[in-house]
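>>> Need coordinates for the following:
(one chain, ligands or ions: 1)
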Amino acid sequence: MSGQIEHTLRGSWTPSGAAAAQLSPSAMRWLRQRIGLTDTTTPAMPASLLEVPESALPQDARDELAALVGGEHVLLDDAARLGRAGGMSYSDLMRRRTAADLAVPDAVLLPGEPELVQGALEICARHDIAVVPFGGGTSVVGGVDALRGGKRAVVALDLARLNKLVSLDPVSRVAVLQAGMRAPEAESLLAAHGFTLGHFPQSFERATIGGFAATRSAGQASAGYGRFENMIEGVRVATPRGEWRPGVAPASAAGPDLRQLAVGGEGALGVITEVALRVRPAPARGRYEAFVVDGWQAGADAVRALAQSRALADVTRLSDVEETEVQLALAGGLKSRALNAYARANGIRRPCLLILGWDAASRGELKRRRARTLAALRDFRKVSLGRAVGESWKSHRFSGPRQRDALLDRGVCVETLETAAHWTGLGELRSAVRTALVHELGSARHRPIVMCHISHAYETGASLYFTVLAPRDEDALEQWARAKRAAGEAIAGRGTISHHHAVGVDHRPWLEAEIGTVGTDVLAAAKRAVDPTGILNPGKLVEAH
Ligand SMILES: Cc1cc2nc3c(=O)[nH]c(=O)nc-3n(C[C@H](O)[C@H](O)[C@H](O)COP(=O)(O)OP(=O)(O)OC[C@H]3O[C@@H](n4cnc5c(N)ncnc54)[C@H](O)[C@@H]3O)c2cc1C
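You can find the predicted model right below:
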């Protein structure tokens, strides 16, 4: 794992692209057979083949912005602009591979202080220029698409230079971090003081503190450390109307919690420049282990039992039969056969992988917490696969995007989507989404794999995270757009359109059905209050009018 992947790299996760993945020839043979893939290769396209329109940023605005942030921090070159053109969804990556239309910003701004972000917004508002806040650029819902929204031009406001630890209060255990700091840097700065945030999404290597806050991100250890918004004590936000800093105490009854307008505001309700975060002492001990349980429903019941008896491990992750099969097959066919034989010998017919991981301050605490989790699972049939499989999951937990690069090169349509619901409706939600995806992506030639896991569980329900693997159509963008539409329709009325990826552009068609007309009006009113002319991230989450 590298903590320093250049976040303006857009066509692949790491500079070495597919070569960074460990996909063996036997894994690829298995996949070809399983989904009906033909032997095509579609490597990433060089950036020089992508079209970059001339910058539309007016000269007077350019001069004012350069005077404010420094001429060297207003970038107009093609590489800088392409480096902030879109996020990291399958569609974003395919647009790069097929040289389809990219929404390229007219310029990139790199302010170095919160006051300069504020100043830049005021200049952009005066010149009617749209502003897209850009953190790590890992959005998978079109959140950083450089949409102009009828404005004269659009700039990407890259927060990369806002990367300082502003303060650390070890007594209250509150750290104030600037918004452009990336997760690995945040963890290593906090580790130097003996603390951790405990936020480990799969996008950890590239995503930023501001991006996590703006999208209400959820990390793999959310059961132990909470979702990102649970860690937020306060935010500093720049808006075209001026700066505000909601959040002065750990809890407050001074009206609705206004922090939540910036947290989850997706850059449409302000640019977060600093975040005050609850930190915890870095764990001295950790243990990850793996089990298989018999079938999805038994596994979901087991995770519910853990959540409802407050015995969840910090990482609690249940894969369905399909995901278990794929994980093992892509890791090496022999392992898959051996596991199935072992599971069957122990009475498990439909193995579903359950990963449990605990962090603790001491050996004693680790022992107590593990015992509590295992006691809550006592009545569920399960077979232990031991620590090696659990620790291997942990050490590969950021490798998914590398594998995705390799699959993209080989003509696979590979994408994820997520939702959440209460326990009562979770089974129906899973079936509905699965059915929709299999129907849309399947054909006589194509046999898609639709897999699912639970990685965030609550007393009242859980998230569902789907991954699809299917042979790619001629028109890759339309193929996925159809599947995504079908999944969105299946989710509407059964669960939330997003548990942690946010709304962006892609989920807007379903937002009103979820929050109602009154909810949409409340969001629009908030938008008008902070951004009267609608320059902030047009086309995402909410419009001003
Ligand atoms: C391979 C992969 C795995 C992922 N895994 C997870 C996961 O496990 N959990 C999870 O929650 N998400 C995951 N995501 C989604 C994504 O990483 C998260 O949404 C993350 O929070 C985005 O952070 P970022 O810094 O990259 O934000 P960006 O992508 O740069 O921005 C995301 C949105 O927030 C806005 N924004 C960014 N910074 C600011 C700011 N300072 N102020 C205001 N608005 C801002 C942007 O305008 C945009 O709308 C994954 C994405 C990928 C590609």
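>>> Mind checking if whichever strand or helix holds residue 272 is in reach of the ligand?
Assessed by DSSP states H and E, residue 272 sits inside strand 271-278. Yes - shown here: strand 271-278 in contact with the ligand (Cβ under 6 Å from any ligand atom) through 271, 272. For glycine as for every other residue, the C-beta is placed from the backbone atoms N, C-alpha and C.
>>> That strand packs against which elements?
The helices and strands touching strand 271-278, judged by 3 or more Cβ pairs under 8 Å, 6 or more residues apart in numbering; DSSP states H and E, are helix 114-127, strand 129-134, strand 174-178, helix 209-215, helix 228-231, strand 232-239.
>>> who does the second one touch, helix- and strand-wise?
Under the contact criterion of 3+ Cβ pairs under 8 Å, 6+ apart, strand 129-134 touches helix 114-127, strand 153-158, strand 271-278.
>>> want to try CSV for those, with mean pLDDT and mean neighbour count as columns?
Converted to CSV, these look like this (pLDDT from 0 to 100; neighbours: other Cβ atoms under 10 Å):
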stretch, mean pLDDT, mean neighbour count
helix 114-127, 98, 21
strand 153-158, 98, 26
strand 271-278, 98, 26
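>>> Generate a markdown table for the ones you listed, with distance to residue 249 as supplementary columns.
Output for these, formatted as a markdown table (distance: least, Cβ to Cβ, whole Å):
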| stretch | distance to residue 249 |
| --- | --- |
| helix 114-127 | 21 |
| strand 153-158 | 30 |
| strand 271-278 | 11 |
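>>> Would you double-check that residue 415 falls in a helix?
No - Residue 415 sits outside any helix when classified using DSSP: H, G, I helix; E, B strand; the rest coil, being strand.
>>> Pretty sure residue 114 sits against residue 272.
No - counting by Cβ atoms under 8 Å, residue 114 does not reach residue 272; the two are 9.5 Å apart.
>>> Near residue 40, how many other residues are there?
10 (other Cβ atoms under 10 Å).
>>> and of the helices and strands packed on strand 271-278, who's closest to the ligand?
The ligand lies closest to helix 209-215 among the helices and strands packed on strand 271-278, at 2.1 Å (Cβ to the nearest ligand atom).
>>> What is that closest one packed up against?
Counting contacts by 3+ Cβ pairs under 8 Å, 6+ apart, helix 209-215 packs against helix 183-191, helix 228-231, strand 271-278.
>>> Can you give the distance of the last one from its chain's centre?
The one in question is strand 271-278. Its chain's C-alpha centre and that of strand 271-278 lie 18 Å apart, by Cα atoms, centre = their mean, to the nearest Å.
>>> which helix in the protein runs the most residues?
helix 508-530 (DSSP state H).
>>> May I see the buried residues of that helix?
For helix 508-530, the neighbour count (16 or more other Cβ atoms under 10 Å) marks 508, 510, 511, 514, 515, 523, 526, 527, 528, 530 as buried.
>>> quick check, distance from that helix to the centre of its chain.
With Cα atoms, centre = their mean, you get 22 Å for helix 508-530.
>>> got the angle between it and strand 232-239?
If you take axes from the mean of the first three to the mean of the last three Cα atoms, to 10 degrees, helix 508-530 sits at 70 degrees to strand 232-239.
>>> What residue spans form the domains of the protein?
Here the domain parsing of the chain from automatic domain parsing is 38-158, 165-281, 285-394.
>>> what's the closest of those domains to residue 32?
Across the domains of the chain, residue 32 has its closest neighbour in domain 38-158 (7.4 Å, Cβ to Cβ).
>>> So is that closest one next to the ligand?
Yes - on the criterion Cβ under 6 Å from any ligand atom, domain 38-158 is in touch with the ligand at 87-88, 132-140, 143-144.
>>> Report the buried members of those residues.
Buried positions within those, assessed by neighbour count (16+ other Cβ under 10 Å), are 87-88, 132-140, 143-144.
>>> would JSON lines of those residues with pLDDT be doable?
Converted to JSON lines, those look like this (pLDDT from 0 to 100):
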{"residue": "87", "pLDDT": "97"}
{"residue": "88", "pLDDT": "97"}
{"residue": "132", "pLDDT": "98"}
{"residue": "133", "pLDDT": "98"}
{"residue": "134", "pLDDT": "98"}
{"residue": "135", "pLDDT": "98"}
{"residue": "136", "pLDDT": "98"}
{"residue": "137", "pLDDT": "98"}
{"residue": "138", "pLDDT": "98"}
{"residue": "139", "pLDDT": "98"}
{"residue": "140", "pLDDT": "98"}
{"residue": "143", "pLDDT": "98"}
{"residue": "144", "pLDDT": "98"}
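>>> Relative to residue 86, how far out is residue 139?
With distances taken as Cβ to Cβ, to the nearest Å, residue 139 is found 8 Å from residue 86.
>>> cool, and residue 412?
Separation of residue 412 from residue 86 (Cβ to Cβ): 20 Å.
>>> picking that back up, closest one to residue 437 among the helices and strands packed on strand 271-278?
Taking Cβ to Cβ, helix 209-215 is the member of the helices and strands packed on strand 271-278 nearest to residue 437, at 23.1 Å.
>>> List the contacts of that closest one.
Applying Cβ atoms under 8 Å, 6 or more residues apart in numbering, the external contacts of helix 209-215 come out as 133, 135-136, 138-139, 143, 159, 162, 177-183, 186, 199, 201, 217, 228-229, 232, 235, 262-267, 271-273, 275, 277, 500-502.
>>> again, only this time at 6 Å
Under the contact criterion Cβ atoms under 6 Å, 6 or more residues apart in numbering, helix 209-215 has outside partners 135-136, 159, 177, 179, 181, 186, 228, 263, 266-267, 272, 275, 502.
>>> Just confirm yes or no for that helix near the ligand.
Yes - using Cβ under 6 Å from any ligand atom, helix 209-215 reaches the ligand at 210, 211, 212, 214, 215.
>>> what's the burial count for the residue in the stretch 251-400 of the chain that the ligand sits nearest to?
Per Cβ to the nearest ligand atom, residue 267 is where the stretch 251-400 of the chain lies closest to the ligand, at 3.0 Å. Using other Cβ under 10 Å, residue 267 has 27 neighbouring residues.
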